[in-house]
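Asker: Build the 3D model from these lines:
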Amino acid sequence: MVLGSEVPTDGQGESQGQGGPEGRPEPQPPQTPGGSPEHGEGSGREVVEVIAAGCYARKSTEQNVADDAKSVTRQVERAREFAAKKGWRFDDEHVYVDDAVSGAEFKNRPAFNRLMDVVKGPGPHKLGVLIISELSRLGRDTIRTLSAIQALGDADVKIWTYLEDREIALDTEMGEVEQFMKSWAGSSERRKGSQRARDKSRMLAEQGRFTGGRVFGYSTIDKQRVVNPAEAAIIKRIYQRRLDGAGYFKIGGELQASGIKSPRGSKTWSSATLGDVLTNPLYKGTVVYGRTRQTKKRGTTVIERTPDQVIQREDPLLQIITPQMWTDVQKVNQASRAATWRSKDGRLKSRPTESKHLLPAFLSCGVCGGSLHVRYDRGKQFLFCTRRHLGGKETFSNARRLPVAFAEKAMFASFETAFCGSLVLEQLKLALEAQAAATADPEPLRVELRSLRSQVANLVESLASGRGTATLTAAIEERERRIDEIEKILAAGVAVQDIDVEQFRTRTEAVLADWREHLRKNPSTARQVLRKCLPEKLTVTPNPVTGGWTLDGWTDYRKVLEEVGLSAVTTKLAAALPKVTGSPRRAVWSRR
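Answerer: You can find the predicted model right below:
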């Protein structure tokens, strides 16, 4: 869009293309984006649309910048004045402001990202000029800033800086070089500024002085950190409740019920916030500096651990809890982590559940189908039929009691076999191969599918005429069941055709090894493993002949598939492989 206002024409003479005083053609008026100029009714004057201008303002987090860069409000006002000076129409809809956002941040910059979405959008936009104070307002990352300039240029948006009163463009080789050097200079200054700030903070830490930062439980007075009595009382309460055995969720609920706001002023206390409080050594008087640092990667801020840069010192004046209480709480935290099933990379796979006994949640009586409960006899634990206990021997016949220690040992042995890999892998491999073979040549199935659909249509037509209602209905249902079966086979075949069986075996073995490890680890993690692989309770039935017990039920290995990364396959395999039975299936326990 080219700027202009009104160009006088009288409809004759030189304006008709006869040339100027020296025979040169007169310059033609600029065209509007729509193509032809607009004519005012009866005015004899040609009106050219005035371009729409917007602005992008960003408040810098750095200190060594121009005064204009320290106020987004001032940047917007100066951009508005600049647009009026140029004769552009300033459009408030295209004012984009990011306040207190680093120039190296490109991912979490809301206004900038909204601007780019507008100009890159599928539909037309009205923005013709983007006004900024200087190039560094767009960004202080060389490559990403140049990419933004290119994207705006490709969208026919011109970039103007009001401090230099010039256009920023990459149209020429010299323009590219110039903007690259300016962007590189801004990026270099940002890195140097970060280095200077980091060096200063490290020097203060080495001298035992305050390095800044707000920590819940403390206030800052005369650039020194001091204990805040009111917040310190909350810290002590949190640590004491943790020692009492309360979890993060329960502690957070209690604080919320008491109307105590979190460090960020929220009504709720998140587990992450409580985790930070319960692991911060500052509360026992240990000041630690340099454990992590912020850096820029992939256009956003990331946190890196820097164990080689740690500076640590003791400051008794900052102590809120005793070192012994802090140590005891860390033991509670460690025990809690040990009871949680996590992957190698720390990802939570299952949450622990509170229960005094392990087996009752997974076993039922094979005689009556009722639940089992634990009873004590001379210091030993036994599983007993709950219906027999409540309903009496006249109604429920199973009077046998199963020793808990024996049942746990036998059940774990059975599941050790179930997770050893051989049975699971063979069953799943056979299912995958069967599905792949069934659909290696899907054409016969497709022919049958077309034939069945044609038959159903004919049967429905006959049914509508009122002939043989019951017989026709049964025939339609039978064919529709077969249609559904074929459709599932074809869908599953598409999913499993490209699976590498050997790669599948390797990945599955690693997952099963993790399951076995957590089955043996402790009752809490064992409960989480069993909850994943048991779709329903197993039944335990006394054998009157041998005096032993029979364990029966399903073991569902679809969770293994999902963890291996084949979640998309599990639903499609459901038709052919709804449940893979494995050990324990009809496992017979004989107590010797």
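Asker: Low-confidence ranges, the stretch 351-500 of the chain, go.
Answerer: 351-355, 416-441, 466-468, 489-500 (pLDDT under 70).
Asker: Let me see the ranges of the strands in it.
Answerer: Taking DSSP state E, counting those that start in this stretch as the test, the strands found in the stretch 351-500 of the chain are 363-365, 372-377, 380-385, 402-403.
Asker: Buried residues in stretch 480-487, which are they?
Answerer: Neighbour counts over stretch 480-487 (16 or more other CB atoms under 10 Å) mark 483, 486 as buried. Glycine gets a C-beta too; all of them are placed from N, C-alpha and C.
Asker: C-alpha coordinates for it, PDB please?
Answerer: Extracted C-alpha coordinates of stretch 480-487, given in PDB (Å, rounded to 0.1, in the frame of the first residue of the first chain):
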ATOM      1  CA  GLU A 480     -24.600 -56.500  10.600                       C
ATOM      2  CA  ARG A 481     -22.500 -58.400  13.200                       C
ATOM      3  CA  ARG A 482     -20.300 -59.800  10.500                       C
ATOM      4  CA  ILE A 483     -20.000 -56.300   8.900                       C
ATOM      5  CA  ASP A 484     -18.900 -54.900  12.200                       C
ATOM      6  CA  GLU A 485     -16.300 -57.700  12.600                       C
ATOM      7  CA  ILE A 486     -14.900 -57.200   9.100                       C
ATOM      8  CA  GLU A 487     -14.600 -53.400   9.600                       C
END
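Asker: For residue 312, give the beta-bridge partners.
Answerer: Beta-bridge pairing of residue 312 under DSSP bridges involves residue 288.
Asker: ok, now how distant is it from residue 281?
Answerer: Using CB to CB, to the nearest Å, residue 312 is found at 8 Å from residue 281.
Asker: And the two? Which one has more around it.
Answerer: residue 281 (15 against 12; other CB atoms under 10 Å).
Asker: how far away is that one from residue 453?
Answerer: According to CB to CB, residue 281 and residue 453 sit 70 Å apart.
Asker: what about residue 396, neighbour count?
Answerer: Per other CB under 10 Å, the neighbour tally for residue 396 reads 18.
Asker: same deal with the one 10 residues further on?
Answerer: Neighbourhood size, residue 406 [other CB under 10 Å]: 15.
Asker: next one: the one 3 residues further on
Answerer: The number of residues packed near residue 409 is 12, by other CB under 10 Å.
Asker: Identify the residues contacting it.
Answerer: Applying CB atoms under 8 Å, 6 or more residues apart in numbering to residue 409 gives no contacts.
Asker: From residue 555, how far out is it?
Answerer: With CB to CB as the criterion, residue 409 and residue 555 are 18 Å apart.
Asker: Repeat that for residue 165.
Answerer: Distance from residue 165 to residue 555, by CB to CB: 76 Å.
Asker: Quick one: find the helix or strand in this structure with the lowest mean pLDDT.
Answerer: strand 6-8 (a mean of 40; mean pLDDT, DSSP states H and E).
Asker: shouldn't residue 234 be in contact with residue 254?
Answerer: No: taking contacts as CB atoms under 8 Å, residue 234 lies outside contact range of residue 254: 11.0 Å.
Asker: Compare neighbour counts for those two and give me the winner.
Answerer: Set side by side, residue 234 and residue 254 show more neighbours around residue 234, with 21 against 15, by other CB under 10 Å.
Asker: Now do the SS call for that one.
Answerer: The assignment at residue 234 comes out as helix when based on DSSP: H, G, I helix; E, B strand; the rest coil.
Asker: in what helix or strand does the closest residue to it other than its chain neighbours lie?
Answerer: Once flanking residues are discounted, residue 234 sits nearest to residue 260: 6.0 Å by CB to CB, 6 or more residues apart in numbering. Under the criterion DSSP states H and E, no helix or strand holds residue 260.
Asker: Tell me how many other residues crowd residue 260.
Answerer: Quick note: residue 260 (other CB under 10 Å) scores 17 neighbours.
Asker: was I right about it contacting residue 233?
Answerer: No: the pair residue 260 / residue 233 is not scored as a contact, 9.9 Å apart, by CB under 8 Å.
Asker: got the contact list for the biggest strand by length in the chain?
Answerer: Longest strand of the chain, by residue count under DSSP state E: strand 89-98. Counting by CB under 8 Å, 6+ apart, strand 89-98 makes contact with 50-59, 72, 76, 79-80, 83-84, 109-112, 114-115, 118, 126-127, 130, all of which sit outside it.
Asker: Whichever of those end up buried, select them in ChimeraX.
Answerer: In ChimeraX, this line selects whichever of the contacts of strand 89-98 come out buried by 16+ other CB under 10 Å:
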select :50,51,52,53,54,55,56,57,58,59,72,76,79,80,83,109,111,112,115,118,127,130
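Asker: contacting residues for the residue nearest to residue 262 when sequence neighbours are not counted?
Answerer: Among residues not flanking residue 262 along the chain, residue 269 sits closest, at 4.9 Å (CB to CB, 6+ apart). The contact partners of residue 269, by CB under 8 Å, 6+ apart, come to 251, 252, 255, 256, 260, 262.
Asker: if I read this right, residue 238 contacts residue 278, doesn't it?
Answerer: Yes: Residue 238 lies in contact with residue 278 (CB under 8 Å); the separation is 6.7 Å.
Asker: if you count what's nearby, which of those two comes out ahead?
Answerer: Using other CB under 10 Å, the more surrounded residue of residue 238 and residue 278 is residue 238, with 26 against 20.
Asker: Now name the helix or strand holding that one.
Answerer: Taking DSSP H and E as the definition, one finds residue 238 inside helix 229-243.
Asker: could you point out which element follows that helix?
Answerer: For helix 229-243, the following helix or strand on the C-terminal side (DSSP H and E) is helix 248-257.
Asker: residues in contact with that following helix?
Answerer: 234, 237-238, 241-242, 246, 262, 267-271, 273-275.
Asker: List buried residues within those.
Answerer: 234, 238, 241, 242, 246, 262, 269, 273, 274.
Asker: Closest one of those residues to residue 102?
Answerer: residue 273 (24.2 Å; CB to CB).
Asker: hang on, the earlier thing: so for residue 165 and residue 555, which sits in the more crowded spot?
Answerer: Counting neighbours by other CB under 10 Å for residue 165 and for residue 555 shows that residue 555 has the greater number, 23 against 10.
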